[in-house]
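1. based on what follows, work out the 3D shape:
(one chain, ligands or ions: 2)
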Amino acid sequence: MIDAYTGASVRAAEQPLLDAGYGDILMRRAALGLSRVCETHLRRANRKGLLSGTTAIILVGSGNNGGDGLWAGSFLRRAGVMVTAILTGSKAHPQGLKALRALGGSVVRLEGQDEASDPNAEPDASIAGFHTVDRGQALSKLTSAHLVVDAVLGTGASGGLRGEVAALVQDFNAFQRTSPTGPRIVACDVVSGVDADTGEAPEPVLKAHATVTFGAAKVAHVVAPGEQVSGQLTVIPIGIEERLEDPSVFRLEARDILKAWPRPTPTDTKYTRGVLGVVAGTPSYPGAAIMSTNAAVNSGAGMIRFLGDATTRGMVLAQSPEVVCSDDQPWDVHVQAWLAGPGVADDESQSARVQAVIESPEPAVLDAGALTPAAQAVADGRLGAQKILTPHAGELEQVFEWLKGFGVTDDAPDRDRIEAAPVHWAREAARLTGATVLLKGATTIIASPGSDEDGVEQVCLSIGQASPWLATAGSGDTLAGILGTVVAHVAEHPDALRNLGAWAREDGRWAAAAALGAGVHALASRVDGEGPVPPTVLAANVRKVLRTTRQ
Ligand SMILES: NC(=O)C1=CN([C@@H]2O[C@H](COP(=O)(O)OP(=O)(O)OC[C@H]3O[C@@H](n4cnc5c(N)ncnc54)[C@H](OP(=O)(O)O)[C@@H]3O)[C@@H](O)[C@H]2O)[C@@H](O)CC1
Ligand SMILES: [K+]
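-> Residues are numbered from 1 along each chain as shown. Ligands and ions are numbered 1, 2, ... in the order given. The predicted structure is shown next:
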């Protein structure tokens, strides 16, 4: 599991050490870790695996992030690398600058940067004497280097790259598109311009092959879109780790998911393993019913009760004879949890069942056609953490529109805003609806509602590594079936996921269950390598994923 923190919580952990005068030591530890990762990349870039003869360019900002870059440059110099720092701000970290120069590193200033970001800014006297390079010259330095270190902005920045350095990055990105064999790019702490706390990545950014961060992972490293531009993450311990408080986001990795996935014990029965009720599909959209029940069967549901019309029931049974089918109403049957919504659009009797599921006290995965009625139900009060909404960004936009209509919020973000900061909007949706929200996307974000009144903290998780091939019709139905299975189990065994952490109890267990479902779905997408995964194959892959684990 990766525990990810906001910049502010890392700074709070650092503060006592800074107050005690250990700031320089922290920075040098950070920079040493950064330089080691850079060395690995440089050795790969040199056919003989040597550092001497390799070149590194450090893009340096005016704050401590730039200081890390300068110190790392000095360590690389000591190892024989030819290092040039390009200063992009009106000042530079004095000790870092001194250290790099003392070891023979070159330093130049990017022309026009000060004027572009602040027409009145004069370069600080300590850097005014350095030779300047224009954007074209800087670009040719970048493109001919073996390695570029991005140390312009870190956790102290606000907003994206500006001025001349933004234009330089834009030019460099254009070069990379035509020449993919350019230098390796290593980001210092975070990719410059990416918001460490939300993962927002306003263009342009220098997409990194690797990011080296200090003390702890930041939220931007585990959520989209920041994660997509961060490359491989290395966390360097710098001595603040013990002082960190609760993480902001938990990233579950494959081993966490497989270890925590609930498994039956010898005394379990089909009922104690969790009965899942499914309201999905209509004669017009029977596939949703077939795929979601098939996924639940393959995920190990104790028992599945499908409610629907005769035509759809026949098709569900033809695919999965294990499913118990009827035309009952939700209140007529006893289940541990519901899955409602896939493929129910415009069908009166399925819509009535969906409504009954929303109003029932049982836990429920509310997907696709259940999302709008769930959002409408918020007008009558919070839904409860045991109700799990599973929108993609477009569906969440609709949910917010309903919430705005009811006066629950003034701010209804559109799809683009949601995709730019999914972790923020998933949290907000959970807080406003009182439900657990699983927001599908490049990384899947799961947020519990928390409660200010009861002092219950929100839990937030992220799941990555899903194959882009998953973006097919029916993939969501498969996810819903997997989610329903694990939610039904957790409904029957409230403490089943406690090994994930204290947060995975009480209300947080629904977020934990949803994260496990999304995690297994993502793992199943890559079982046979990278390639097409039709939803029926995906469902069968779930069995392979769960079988490969040792208990
Ligand atoms: N604390 C520690 O002990 C340790 C911290 N460490 C390192 O410190 C980093 C945080 O350093 P930081 O706080 O100095 O901020 P950082 O991100 O370098 O730069 C902000 C500067 O840039 C400016 N600026 C802001 N926005 C801007 C923009 N959009 N475009 C252009 N300029 C912008 C702003 O200047 P201003 O405009 O306010 O004058 C400000 O001075 C952290 O990421 C890690 O790498 C490690 O060494 C471990 C120990
Ligand atoms: K950076």
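2. could you use CA atoms for every contact and neighbour count after this?
-> Noted.
3. quick one: low-confidence parts of the stretch 451-551 of the chain?
-> Scanning the stretch 451-551 of the chain for pLDDT under 70 picks out 548-551.
4. please enumerate the helices of it.
-> 475-492, 508-524, 535-547 (DSSP state H, counting those that start in this stretch).
5. what's the closest of the ones you listed to ligand 1?
-> With C-alpha to the nearest ligand atom as the criterion, ligand 1 lies closest to helix 508-524 of the helices of the stretch 451-551 of the chain, at 29.0 Å.
6. which parts of the chain sit against ligand 2?
-> Asp150, Ala151, Leu153, Gly154, Cys188, Val190, Val191, Ser192 (C-alpha under 5 Å from the ion).
7. the fifth one and ligand 1, how far apart?
-> Using C-alpha to the nearest ligand atom, to the nearest Å, one obtains 6 Å as the distance from Cys188 to ligand 1.
8. start at 29 instead
-> Shifting the count to begin at 29 puts that one at Cys216.
9. residues contacting that residue?
-> When contacts are counted by C-alpha atoms under 8 Å, 6 or more residues apart in numbering, Cys216 touches Leu62, Asn93, Asp96, Gly97, Val177, Asp178, Ala179, Gly182, Thr239, Val240, Thr241.
10. and the third one, how many neighbours?
-> By that I understand Asp96. 31 (other C-alpha atoms under 10 Å).
11. do the same with the second one
-> Neighbour count for Asn93, taken as other C-alpha under 10 Å: 27.
12. now do the helix or strand harbouring it, average pLDDT.
-> Taking DSSP states H and E as the criterion, Asn93 maps to helix 92-106. Taken as a whole, helix 92-106 has an average pLDDT of 98.
13. is ligand 1 within reach of it?
-> Yes: on the criterion C-alpha under 6 Å from any ligand atom, helix 92-106 is in touch with ligand 1 at Asn92, Asn93, Gly94, Asp96.
14. for that helix, packing partners?
-> Counting contacts by 3 or more C-alpha pairs under 8 Å, 6 or more residues apart in numbering; DSSP states H and E, helix 92-106 is packed against helix 51-73, strand 83-88, strand 110-115, helix 122-130, strand 175-179, strand 212-216.
15. quick one: buried residues of that helix?
-> Counting neighbours by 16 or more other C-alpha atoms under 10 Å, one finds that the buried residues in helix 92-106 are 92-105.
16. for stretch 360-373, same thing?
-> So for stretch 360-373, counting by 16+ other C-alpha under 10 Å, buried means Val363, Gln364, Ala365, Trp366, Leu367, Ala368, Gly369, Pro370, Gly371, Val372, Ala373.
17. off-centre distance for that stretch?
-> 29 Å (C-alpha atoms, centre = their mean, to the nearest Å).
18. could you do stretch 323-341 as well?
-> 31 Å.
19. can I get that stretch in CSV, CA atoms only?
-> Provided in CSV are the C-alpha atoms of stretch 323-341 (Å, rounded to 0.1, in the frame of the first residue of the first chain):
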residue,chain,number,x,y,z
ALA,A,323,-18.9,-11.4,-13.2
ALA,A,324,-20.5,-12.0,-9.8
VAL,A,325,-20.5,-15.8,-10.4
ASN,A,326,-16.8,-15.6,-11.4
SER,A,327,-15.9,-13.5,-8.3
GLY,A,328,-17.2,-16.1,-5.9
ALA,A,329,-20.6,-14.7,-4.8
GLY,A,330,-22.2,-17.1,-2.3
MET,A,331,-25.5,-16.8,-4.2
ILE,A,332,-27.0,-14.5,-6.7
ARG,A,333,-30.7,-13.6,-7.0
PHE,A,334,-31.6,-11.9,-10.2
LEU,A,335,-34.8,-9.9,-10.5
GLY,A,336,-36.1,-9.1,-14.0
ASP,A,337,-38.5,-10.0,-16.8
ALA,A,338,-38.8,-13.5,-18.3
THR,A,339,-36.8,-12.8,-21.5
THR,A,340,-33.8,-11.4,-19.6
ARG,A,341,-34.1,-14.2,-17.0
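20. can you pick the most crowded of the contacts of Cys216?
-> Gly97 (34 neighbours).
21. ok, now which ones touch it?
-> Gly97 touches Ala59, Ile86, Leu87, Val88, Gly124, Val177, Asp178, Ala179, Cys216, counting by C-alpha under 8 Å, 6+ apart.
22. roughly how far does it sit from Ala499?
-> Shown here: Gly97 relative to Ala499, a distance of 39 Å by C-alpha to C-alpha, to the nearest Å.
23. do Ile114 as well
-> Taking C-alpha to C-alpha, one finds Ile114 at 41 Å from Ala499.
24. which secondary structure element of the chain has the lowest mean pLDDT?
-> The helix or strand of the chain with the lowest confidence, counting by mean pLDDT, DSSP states H and E, is helix 141-145 at a mean of 62.
25. next, count neighbours for Asp408.
-> Neighbour count for Asp408, taken as other C-alpha under 10 Å: 9.
26. again, but for Ala41
-> Around Ala41 there are 19 residues (other C-alpha under 10 Å).
27. over to the one 5 residues further on?
-> In terms of burial, Leu46 registers 15 neighbours under the definition other C-alpha under 10 Å.
28. Ala32 is in contact with Val277, isn't it?
-> Yes: if you go by C-alpha atoms under 8 Å, Ala32 and Val277 touch, sitting 5.1 Å apart.
29. shared neighbours, the two?
-> Jointly contacting Ala32 and Val277 under the rule C-alpha under 8 Å, 6+ apart are Val247, Val250.
30. which secondary structure element contains the residue most central in space within the chain?
-> Residue closest to the average C-alpha location in the chain (C-alpha atoms, centre = their mean): Val251, at 2.2 Å. Assigned by DSSP H and E, Val251 belongs to neither a helix nor a strand.
31. check contacts around it.
-> Counted by C-alpha under 8 Å, 6+ apart, Val251 has contacts Thr226, Gly227, Pro450, Val451, Thr471, Thr472, Ile473, Ser490.
32. so which of the residues you listed are in strands?
-> Thr472, Ile473, Ser490 (DSSP state E).
33. coming back round to it: who has more neighbours, Ile114 and Ala499?
-> Between Ile114 and Ala499, counted using other C-alpha under 10 Å, Ile114 has the larger neighbour count: 26 against 15.
34. okay, that one and ligand 2: tell me how far apart.
-> Per C-alpha to the ion, to the nearest Å, Ile114 is found 14 Å from ligand 2.
35. turn the helices of the stretch 479-579 of the chain into TSV, including mean neighbour count.
-> Shown next, in TSV, are these (neighbours: other C-alpha atoms under 10 Å):
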stretch	mean neighbour count
helix 503-520	29
helix 536-552	28
helix 563-575	20
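36. adding distance to ligand 1, write the ones you listed out as JSON lines.
-> Formatted as JSON lines, the helices of the stretch 479-579 of the chain follow (distance: least, C-alpha to the nearest ligand atom, whole Å):
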{"stretch": "helix 503-520", "distance to ligand 1": "37"}
{"stretch": "helix 536-552", "distance to ligand 1": "29"}
{"stretch": "helix 563-575", "distance to ligand 1": "38"}
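37. contacting residues around the residue located most distally from the centre of the chain?
-> Going by C-alpha atoms, centre = their mean, the residue of the chain most distant from its centre is Gly157, 43.3 Å out. Gly157 sits next to no residue when contact means C-alpha under 8 Å, 6+ apart.
38. contact partners of the host helix or strand of Glu192?
-> Here Glu192, judged by DSSP H and E, is contained in helix 191-206. With C-alpha under 8 Å, 6+ apart as the test, helix 191-206 has contacts from 116, 138-141, 144-145, 163, 166-167, 170-171, 210, 232-234.
39. and it, how far from the chain's centre?
-> Centre-to-centre, helix 191-206 and its host chain are 26 Å apart (C-alpha atoms, centre = their mean).
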